[in-house]
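> Structure of the sequence below:
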Amino acid sequence: ETADFPGTRVIPSVNSLLAFIALKLSGCKRYSHDDQWCMDAGLGLFAGLNVLPKTGWLSSYSFRVSHDMNMALLASMNKLWREHGLADGPQSLDFTAIPCWGDGSHLENNWSGKRHEAIKSIQAALAHSPDTGIIFYADSTVRHSGESQVVLEFLDFRRKAGGPDPTYLVFDSRFTTYQNLDRLNKEGIQFLTIRRRGKNMLEEIAALAQSQWQSMRVESADGFRNLKVHDAKVTLKDYEGEIRQIAITGHGKIKPALIITNDVVSPAAQLIRTYTRRWLIEKEIAEQIYFFHLNKPSSSIVVKVDFDLTMSIMAHNLYRLLAMEMPGYEHCEAETLFNKFVDNGADVEFADAKVTVRLKKKRDLPLLLKVAKSLAEKPIAWLGGRKLEFLGASNS
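Numbering: from 1, shown residues only. Below is the predicted model:
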């Protein structure tokens, strides 16, 4: 409602978005596959309806949605993330290419990491928290001419959402320019990125004496790695003053990696670990592609893809919130959470004051019921203020 999403007299805006989110949470590939979900009372109840709307309504809804509405929705959600301490810590930014399977003559070629080639696609930028897994920001209107300005647009988004600047930004070497790095530094925003390696630069590093390298043991996802590190101050074109450069070798690659940052205080091992966690956003993007079918939009119309991306992010964040409540499942992907907890049948009793859901027996059901107890006394606005109670059924 705050973002002014469209609705009708029969299906208000909140119920409209919940209908899309219900399908995203269920891993539905296409809205046109309505024989799988069109008469599912459970999905309808989730959206505050009897059943979900038909395919024609779902496919045409996004034509009434603007990019500003999507950004306003994400901005409203950002306020919630901050209130609950889910927006703290470093934030990783990256691009992803959403392929077009129809007429993409007006689209640009963008590099697809999944296909290892440049394809006609819609370029989208994402911002993600490695600490919580929450995706804060998404913009699928990025063109080649404006790629380097995305980091500044993200800061504008954060400020318009009423929040403080992020404590740390992490991105790869092609995300922005040295000139913008200088601007970030002057605004007091710490960043961490990779420097592109030229021939002369590699020769200079190779000429360093062994005594100038420091042996270091850095924590990794599978234990620890022994690295050799050279920590120094260097100058960059279009960057005022010196910047910290950390050369890393001994990690199995032929060429050394070069990390640059304006953080001159943190230990090198901590900075290396912080940057390696940037790869988590690529894991989240892979999940968006696989479970939420981000590479399945058949439309080349940016506004439709922008809305689909926004709904994918909403569903992704809901699964992350669920994972936080599940001891031992905090790092599970959405597909695992769906298979273990969400994909189930139930008998539903819809009364005047309460909705009772008796979930059928399943191995992981006791943990889900424990989490669901927190919902028992909370009235659900789009269910007419009714309370929602989850119980275990005696049958499977």
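> only C-alpha atoms for contact and neighbour calcs from this point on.
Noted.
> Which residue ranges of the protein form helices?
Under the criterion DSSP state H, helices of the chain are mapped to 13-25, 41-46, 55-61, 67-83, 150-160, 178-186, 199-206, 268-276, 279-290, 302-324, 334-337, 365-372.
> now the ones you listed as CSV including mean pLDDT and mean neighbour count?
As requested, the helices of the chain are arranged in CSV below (pLDDT from 0 to 100; neighbours: other CA atoms under 10 Å):
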stretch, mean pLDDT, mean neighbour count
helix 13-25, 91, 21
helix 41-46, 88, 19
helix 55-61, 84, 13
helix 67-83, 92, 17
helix 150-160, 91, 17
helix 178-186, 95, 17
helix 199-206, 87, 11
helix 268-276, 88, 17
helix 279-290, 65, 18
helix 302-324, 87, 21
helix 334-337, 90, 19
helix 365-372, 92, 15
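> Go through those helices and name the closest to Gly241.
Ranking these by their distance to Gly241 (criterion: CA to CA) puts helix 178-186 first, at 8.9 Å.
> for the residue lying closest to Gly385 once chain neighbours are set aside, what are its contacts?
Leaving aside its chain neighbours, Gly385 sits nearest to Pro379 (4.8 Å; criterion: CA to CA, 6 or more residues apart in numbering). Under the criterion of CA atoms under 8 Å, 6 or more residues apart in numbering, the contact list for Pro379 reads 385-388.
> do Gln91 as well
By CA under 8 Å, 6+ apart, the contact set of Gln91 is 127-130, 166-170.
> same question, Ile248
Contact partners of Ile248, counting by CA under 8 Å, 6+ apart, are 227-230, 256-259.
> on that earlier part again, pull out the buried members of the contacts of Gln91.
For these, burial is judged from neighbour counts taken by 16 or more other CA atoms under 10 Å, and it is met by 127-130, 166, 168-170.
> Quickly name whichever of those is closest to Leu155.
Leu155 has its nearest neighbour among the buried ones among the contacts of Gln91 in Pro166, at 8.0 Å by CA to CA.
> The most centrally placed residue in the chain pairs with what?
Centre of the chain computed as the mean C-alpha position; nearest residue by CA atoms, centre = their mean is Ile135, 3.1 Å away. Legend: beta-bridge partners of Ile135 under DSSP bridges are His128.
> ok, it touching Ala125?
No: when contacts are counted by CA atoms under 8 Å, Ile135 is not listed as touching Ala125 (10.8 Å).
> quick one: pLDDT of Asp103?
Looking at Asp103, its pLDDT stands at 59.
> Ignore what I typed, I meant Pro6.
Reading off the per-residue confidence, Pro6 sits at a pLDDT of 93.
> What sits closest to it if chain neighbours are left out?
Counting by CA to CA, 6+ apart, the residue nearest Pro6 is Ser13, at 5.4 Å.
> Isn't that neighbour up against Thr2?
No: under the criterion of CA under 8 Å, Ser13 is not in contact with Thr2, lying 10.1 Å apart.
> what separates the spatially closest residue to Arg159 that is not a sequence neighbour from Asp94, distance-wise?
Nearest residue to Arg159, sequence neighbours excluded (CA to CA, 6+ apart): Asp165, at 6.9 Å. Spatial separation of Asp165 from Asp94 under the definition CA to CA, to the nearest Å is 18 Å.
> just Lys373 next, same as before
The value you get for Lys373 to Asp94, if CA to CA is used, is 37 Å.
> And for Asn395?
Applying CA to CA, the value for Asn395 to Asp94 is 46 Å.
> Compare these two (neighbour count), which wins?
A side-by-side neighbour count of Asn395 and Asp94, using other CA atoms under 10 Å, places Asp94 first with 22 against 10.
> gap between the more buried one and Met311?
Taken as CA to CA, the spacing of Asp94 relative to Met311 amounts to 19 Å.
> hmm, back to that, and the contacts of Gln91 as TSV, adding distance to Glu325 and pLDDT?
TSV is the format used below for the contacts of Gln91 (distance: CA to CA, whole Å; pLDDT from 0 to 100):
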residue	distance to Glu325	pLDDT
Ala127	23	91
His128	19	88
Ser129	17	89
Pro130	17	86
Pro166	25	84
Thr167	26	82
Tyr168	26	88
Leu169	27	94
Val170	27	93
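> In TSV, list the residues you listed along with distance to Val151.
Converted to TSV, the contacts of Gln91 look like this (distance: CA to CA, whole Å):
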residue	distance to Val151
Ala127	10
His128	13
Ser129	15
Pro130	17
Pro166	11
Thr167	14
Tyr168	12
Leu169	9
Val170	10
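> Name all residues that make contact with the closest residue to Met39 other than its chain neighbours.
With CA to CA, 6+ apart as the criterion, Met39 has its nearest non-adjacent residue at 5.8 Å, and that residue is Val51. For Val51, the contacting residues are 38-45, taking CA under 8 Å, 6+ apart as the criterion.
> pLDDT value on Val51, please?
According to the predicted model, the pLDDT of Val51 comes to 89.
> May I have the phi/psi pair for it?
In terms of degrees, to the nearest 10, the main-chain angles of Val51 are phi -140, psi 170.
> Look up how far Ser121 lies from it.
34 Å.
> returning to what we had before: any chance of the contacts of Ile248 in TSV, plus distance to Leu18, neighbour count and pLDDT?
Shown next, in TSV, are the contacts of Ile248 (distance: CA to CA, whole Å; neighbours: other CA atoms under 10 Å; pLDDT from 0 to 100):
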residue	distance to Leu18	neighbour count	pLDDT
Leu227	48	17	87
Lys228	51	18	89
Val229	50	22	91
His230	52	19	92
Pro256	48	19	85
Ala257	44	19	87
Leu258	45	21	91
Ile259	42	22	93
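> which one of the residues you listed is nearest Leu155?
The shortest gap between Leu155 and any of the contacts of Ile248 belongs to Ile259, at 22.1 Å (CA to CA).
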